[in-house]
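Trainee: coords below, sequence missing:
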């Protein structure tokens, strides 16, 4: 009898221990409350920033105020109230170009609009008008209606001496997240994107792996000295988000095009005053075992006519008398009409250039031409 009672007491004790163990989360805080502390952990000093970190911080702090958020709006009429309201229709990035309130961005950011809203880093919003645009370069210039207390213009660098592997930084407003900094390197130079058949091909672009997303368009691409070396224009991505392949318009192009947009409202390209066709040029140059652009016709009074460049013509016996074949401009090959046009695009009004010509299919000569402008 005594042994059974002892065994029962043992079972009850074991059950009590089990219940205490199960209920531990409930009762243990009562005993621990006195030993709890609410003090934060001690902070460990990080030391000085790394040199490259500080350099990146300096680049952002020196340039972010000059980068702006651009919004285009549509005026919408309410059918019932007849009230007119403004509805955002597109967004992008731009940057302060000069002290006169001019803002540079992509043409596709403001295309189809005459006005836009420009928001600065301090959240002030300015009305702006589009003063000029070039669809072929995808560049546009806006002018702020008020220029009081506008941030300083960005510093302009060069793009002709860029190297693959250089560090670059992009500041923009991806997905509406204003003043976002991304970094990377120059991945390639001289890239082309777009649909050439539809006339939308852009050449000579900078390729970078710095993250560029929708909303970055029109923002500056900076080098490690904080100078603008390009204007971010597009990404290559099946999903529409950054995939490590972004493109920027070289700043040398921007620095040539923007002043003309400010002055004339449009871009005017230098011309020779000739007509040519790639398919005809290809057939003739293959037959002559040479390369270049065959001149079919020379416009009267044009720079080409004044220099004596010859167009293709028919003799009295209906034989074809080939015109001059333009092989290079200032040493730059011109193997197609597009290449010839691209080379001319590098020159300012009234520039003097040297053309290498093949005449009569055998004689090589060089002539100097003073370029005029398209109107």
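Mentor: Arrived safely, thanks for sending. Fair warning: this is a prediction, and the values are worked out from it, not measured in the lab.
Trainee: alpha carbons only for contacts and neighbour counts from here, please
Mentor: Fine.
Trainee: where does the most centrally placed residue in the chain land on pLDDT?
Mentor: By CA atoms, centre = their mean, the chain has its centre lying nearest to residue 232, at 1.5 Å. Reading off the confidence values, residue 232 has pLDDT 93.
Trainee: burial check on the residue nearest to it when sequence neighbours are not counted, number of neighbours?
Mentor: Nearest residue to residue 232, sequence neighbours excluded (CA to CA, 6 or more residues apart in numbering): residue 248, at 4.1 Å. As a burial measure, residue 248 scores 26 neighbours (other CA atoms under 10 Å).
Trainee: tell me what residue 248 is bridged to.
Mentor: In this entry, residue 248 is beta-bridged to residue 206, residue 232, by DSSP bridges.
Trainee: list the residues that contact it.
Mentor: Counting by CA atoms under 8 Å, 6 or more residues apart in numbering, residue 248 touches 205-208, 221, 230-234.
Trainee: out of the residues you listed, who's nearest residue 12?
Mentor: Set against residue 12, the nearest of the contacts of residue 248 by CA to CA is residue 208 (74.8 Å).
Trainee: got the phi and psi for the closest one?
Mentor: Phi and psi for residue 208, reported as degrees, to the nearest 10, are phi -140, psi 150.
Trainee: ok, it to residue 193 distance?
Mentor: 14 Å (CA to CA, to the nearest Å).
Trainee: then residue 329?
Mentor: From residue 329 to residue 193 the distance is 24 Å (CA to CA).
Trainee: quick one, which of these two is more surrounded?
Mentor: residue 329 (20 against 15).
Trainee: who's the closest spatial neighbour of the more buried one, skipping the chain neighbours?
Mentor: residue 355 (4.7 Å).
Trainee: helix or strand: which one has the residue found closest to residue 59 once you drop the neighbours it is linked to in the chain?
Mentor: For residue 59, ignoring the flanking residues on the chain, the nearest one in space by CA to CA, 6+ apart is residue 226 at 5.2 Å. Residue 226 belongs to no helix or strand when assigned by DSSP states H and E.
Trainee: measure residue 226 to residue 353 for me?
Mentor: For residue 226, the distance to residue 353 - CA to CA - is 34 Å.
Trainee: cool, residue 136 as well?
Mentor: 23 Å.
Trainee: just residue 342 next, same as before
Mentor: 14 Å.
Trainee: can you check residue 310 too?
Mentor: Taking CA to CA, one finds residue 310 at 17 Å from residue 353.
Trainee: the more surrounded of these two?
Mentor: residue 310 (22 against 15).
Trainee: okay, residue 279: pLDDT?
Mentor: 86.
Trainee: now do residue 198
Mentor: pLDDT, read off for residue 198, is 43.
Trainee: so residue 340 is in which element?
Mentor: Applying DSSP H and E, one finds residue 340 within helix 337-344.
Trainee: tell me the domain boundaries of this protein?
Mentor: Listed domain ranges for the chain are 62-144, 167-262, 270-373 (source: automatic domain parsing).
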